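Trainee: Here you go, sequence then predicted model.
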Amino acid sequence: MFTNLVTQMAQSHANNPLPTPQQKHAYVQDMFDAIAPRYDLLNSVLSMRLHHAWRDATVKALALTNGSSALDICTGTGDLAFALSGACGPAGVVDASDFSEGMLSIARTKITPRGGAPVTFQQADAQKLPYAGNTYDAVTVAFGMRNVADITAGITEMVRVAKPGGRVAILEFNQPTKAWFRVLYRFYSFHILPVIGGLISGRKSAYAYLPASVDAWPDRETLTAHLQTAGCKSVSVTDFLFGAVALHIGVKR
Ligand SMILES: C[S@@+](CC[C@H](N)C(=O)[O-])C[C@H]1O[C@@H](n2cnc3c(N)ncnc32)[C@H](O)[C@@H]1O
């Protein structure tokens, strides 16, 4: 049984669903435009609604107050941007960007929380942000940087637009730290998630891409080093769900 499981996982890796680095930008943009109408539903089903708690924990860790400014990149349908809006308060500013107009069109239908900062959405590539340097108290990305073709460029841009002393937060899937959970989680990710994701979104390849892209994502230490190289100090790492999701926060030097 265990051998069978390992063989199936190996086969999943053999049929690598990742685009080449040259194809990735256009592939990812087309994929999110296509799944946008079902994205929120799928997020809730596939994470058993845990994604709300992970975003809330991210906002809490940023210690924002009324009047703070925040930017959420790869914002998708805007859930983290709206959570930031509540924390920045009525005197605050929240900007949010994504390169998928399909995802942004869903975000724009949502309503700013009462007493929250207004949220301004803009279509933009995370590798070349249209915002001035040293602008925001917090710059965030949730489940987005993994999809960016050049993550060094993406992280460098996040740090550039943060104020000195501002926080740069990356919430992303990672490899679970407990071996027993890793086996269960990989079975779920490679065999169950693509089936459910494919049925609901009509695009099975998008949900086969997801676990393969998590495998290609840097581990905690490498991501910490990326943030430090881009200009952050004091990088902290907080794990959720036995490390299946990790929150990295750095402070801009
Ligand atoms: C998995 S979704 C995450 C959305 C949202 N942050 C959330 O937590 O639900 C990834 C998002 O990253 C966006 N994205 C990927 N590469 C991008 C890039 N180079 N520039 C801007 N957005 C990008 C996609 O369009 C998509 O909306």
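Mentor: All right, it came through fine.
Trainee: hey, let's count contacts and neighbours off CA atoms from now on
Mentor: Noted.
Trainee: Now stretch 20-35: buried residues?
Mentor: Buried positions in stretch 20-35, judged by neighbour count with 16 or more other Cα atoms under 10 Å: Lys24, His25, Tyr27, Val28, Gln29, Met31, Phe32, Asp33, Ala34, Ile35.
Trainee: quick one: Ala208 and Arg186 touch, right?
Mentor: No: using Cα atoms under 8 Å, Ala208 makes no contact with Arg186, being 11.9 Å away.
Trainee: The two: who's more crowded?
Mentor: For Ala208 versus Arg186, neighbours defined as other Cα atoms under 10 Å are more numerous around Ala208 (24 against 18).
Trainee: I'd like to check which residues are in contact with that one.
Mentor: By Cα atoms under 8 Å, 6 or more residues apart in numbering, the contact set of Ala208 is Pro17, Phe190, Leu193, Pro194.
Trainee: In those, which has the lowest confidence score?
Mentor: Among the contacts of Ala208, Pro17 has the lowest pLDDT, at 81.
Trainee: Identify the spatial nearest neighbour of it, chain neighbours not counted.
Mentor: Distance criterion Cα to Cα, 6 or more residues apart in numbering; nearest residue to Pro17, sequence neighbours excluded, is Tyr209 at 5.3 Å.
Trainee: Okay, buried residues for the helix or strand encompassing that neighbour please.
Mentor: Using DSSP states H and E, Tyr209 falls within helix 204-216. Within helix 204-216, the residues that count as buried by 16+ other Cα under 10 Å are Lys204, Ser205, Ala206, Tyr207, Ala208, Tyr209, Leu210, Pro211, Ala212, Ser213, Val214.
Trainee: residue ranges for the strands of the protein, please.
Mentor: Along the chain, counting by DSSP state E, strands occupy 69-73, 93-98, 119-123, 136-142, 162-173, 232-240, 245-252.
Trainee: need the residues of the chain near the ligand, please.
Mentor: Contacts of the chain with the ligand, taken as Cα under 6 Å from any ligand atom, map to 29, 32, 74-76, 98-100, 103, 124-127, 141-144, 147-148.
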